[in-house]
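1. Let's see this in three dimensions:
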Amino acid sequence: MFEVLKEHEICAWDFDLTLINHSASRVFLEYIKDNPYNQTHMIITMRSHGSEKMIIPYLRDMGYDISIFKKIVNIPDNIWNEEINDSMRNWKGQQCHINNCTILIDDMEGIDLSVMGCEKYEIPYIHPDDLIMNMVV
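-> Take a look at the predicted model:
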């Protein structure tokens, strides 16, 4: 289905505007649930200050077992409190690196809260719209 992801053992997914509130969110979640390439999936999110606690209930309400994700990592409140700076821009790429993720699927390229860190840590990045455009059915 998503041939571009086939070579990646551990995929990191953004939550807002990727796994939820994106036109293909259900397609992404079904892919993760079906796990056709026997991959590990995790969520890396900019949710903070308690909003990250809604991820699990939200996924359950959508009918998904949280066990389809190895881990959920959210940005620490103290980093989110800072004005946008390099530590915030690098955070997702750094978390991918720490967790051995080999790709990040995220919508944050426009405000550069993902791309800079991915480049720094040499993590391939793909926007969810690009993932859909490259989908093989």
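2. How many residues are close by residue 97?
-> Using other C-beta atoms under 10 Å, residue 97 has 17 neighbouring residues. Every C-beta, even on glycine, is put in place using the N, C-alpha and C of the backbone.
3. Tell me where the model's unsure across this protein.
-> Applying pLDDT under 70 to the chain flags the ranges 109-111, 136-137.
4. and with 90 instead?
-> 1, 79-87, 108-115, 134-137 (pLDDT under 90).
5. Show me where it has its helices.
-> Here the chain has its helices, by DSSP state H, at 25-34, 55-61, 77-81, 86-98, 115-120, 128-133.
6. Convert the second one to CSV, retaining C-alpha atoms only.
-> Okay, so that is helix 55-61. Extracted as CSV, the C-alpha positions of helix 55-61 are listed here (Å, rounded to 0.1, in the frame of the first residue of the first chain):
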residue,chain,number,x,y,z
ILE,A,55,-4.5,10.6,22.4
ILE,A,56,-5.3,7.2,23.8
PRO,A,57,-9.0,7.9,24.5
TYR,A,58,-9.3,9.5,21.1
LEU,A,59,-7.9,6.5,19.3
ARG,A,60,-10.0,4.1,21.3
ASP,A,61,-13.2,6.1,20.5
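7. All good on my end, thank you.
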